[in-house]
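1. this is a predicted model, with the sequence first.
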Amino acid sequence: MNPEDKKRIAAEAAVDHVKSDSIIGVGTGSTVNHFIDLLAAKMANQVKAAVSSSEASSERLRGHGIKVVDLNEVGKLDLYVDGADESNAQLHLIKGGGGALTREKIVAAASREFVCIADDSKLVDVLGAFPLPVEVIPMARELVADSLRALGGEPRLRNGTITDNGNQILDLHGLAISDAPDLETRINQITGVVSNGLFAHRPADVLILGTDQGVVTHTAGSD
């Protein structure tokens, strides 16, 4: 099964977590695009509204006739569905390959359940092979980069990328992350950092993977 088919079957399984008349959070990326399209095909008239983590996802949702609302209008969300660039067995994630990590963290924090969807290549023993995104205030970029080097990684500016919040992204290469919650905290304490792509303090509750054998579901604490 090719990677896109794996993403699609994972996204299809996530639709089963959506309850009628609910307000859901929707993330960003290629796997989430499958989820949005499948949600629209199966439940477009049953979802009350969606809160989106990016302008791109908002546009796609609206294109399918799904109402998009501001998080400040609704408070807590029933469900958040998003992809990941990496996940470990504890469902700690690296996210932000699409540049929406800060808004994704906000929506995840507001959600009662976080369902992560991905193909099986995203499940790893140790996080860090995928460069860790760090969103930074532009004037603090080099200040932050120096602090990130002190943590043992090599930060590289993601050229041509400005987040929906108007900031820049440093991708931190060369890490093998053994304690994701600790590193998430340490990076967030650096002055000039908006947020980083480690989702460890608020990990996924459910990880749905598309595999050659079909859908495999992991839950927090199951491994």
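-> Great, that's in hand.
2. can you list the residue ranges for strands in this structure?
-> With DSSP state E as the definition, the chain shows strands at residue ranges 23-26, 49-52, 79-82, 86-87, 93-94, 114-119, 132-136, 154-157, 168-173, 193-196, 198-199, 206-211, 214-219.
3. could you say what helices and strands the fourth one packs with?
-> Read that as strand 86-87. Packed against strand 86-87 by the contact rule (3 or more CB pairs under 8 Å, 6 or more residues apart in numbering; DSSP states H and E) you find strand 93-94. C-beta coordinates here come from the backbone N, C-alpha and C atoms, glycine included.
4. burial measure for residue 151, as a count.
-> Other residues within reach of residue 151 by the criterion other CB atoms under 10 Å amount to 14.
5. so how far is residue 46 from the nearest residue to it once chain neighbours are set aside?
-> The shortest distance from residue 151 to any residue other than its chain neighbours is 6.7 Å, reached at residue 186 (CB to CB, 6 or more residues apart in numbering). Using CB to CB, to the nearest Å, one gets 43 Å for the distance from residue 186 to residue 46.
6. show me where this structure has its helices.
-> With DSSP state H, the ranges of helices along the chain come out as 3-15, 30-43, 55-63, 71-74, 101-109, 141-150, 180-188.
7. list the contacts of the third one.
-> If I follow you right, that is helix 55-63. Helix 55-63 is contacted from outside by 26-28, 32-33, 36-37, 50, 52, 68, 98, 100, 164, using CB atoms under 8 Å, 6 or more residues apart in numbering.
8. can we see that at 10 Å?
-> With CB atoms under 10 Å, 6 or more residues apart in numbering as the test, helix 55-63 has contacts from 26-29, 32-33, 35-37, 39-40, 44, 47, 49-52, 54, 66-69, 82, 98-100, 103, 164.
9. now the buried members of those residues.
-> With burial judged by 16 or more other CB atoms under 10 Å, the buried subset of those is 26-29, 32-33, 35-37, 39-40, 47, 49-52, 54, 66, 68, 82, 98-100, 103.
10. so residue 66 touches residue 44, yeah?
-> Yes. Under the criterion of CB atoms under 10 Å, residue 66 lies in contact with residue 44, with a separation of 5.9 Å.
11. shared neighbours, the two?
-> In terms of CB under 10 Å, 6+ apart, residue 66 and residue 44 are both contacted by the residues residue 36.
12. thinking again about what came up before, ok, residue 186 and residue 46, which is more surrounded?
-> For residue 186 versus residue 46, neighbours defined as other CB under 10 Å are more numerous around residue 186 (17 against 12).
13. contacting residues around that one?
-> For residue 186, counting by CB under 10 Å, 6+ apart, the contacting residues are 147, 148, 150, 151, 179, 193, 196, 198.
14. of those residues - the most surrounded one?
-> Going through these with other CB under 10 Å as the criterion, the one with the most neighbours is residue 198, at 32 neighbours.
15. what's opposite residue 154 in the beta bridge?
-> For residue 154, the beta-bridge partners are residue 173 (DSSP bridges).
16. relative to residue 172, how far out is it?
-> Counting by CB to CB, the gap from residue 154 to residue 172 is 7 Å.
17. please apply the same query to residue 17.
-> 32 Å.
18. and for residue 102?
-> Between residue 102 and residue 172 the computed distance is 16 Å (CB to CB).
19. comparing the two, which residue is more hemmed in?
-> Ranked by neighbour count (other CB under 10 Å), residue 102 and residue 172 place residue 172 first, with 27 against 21.
20. noted, bye for now.
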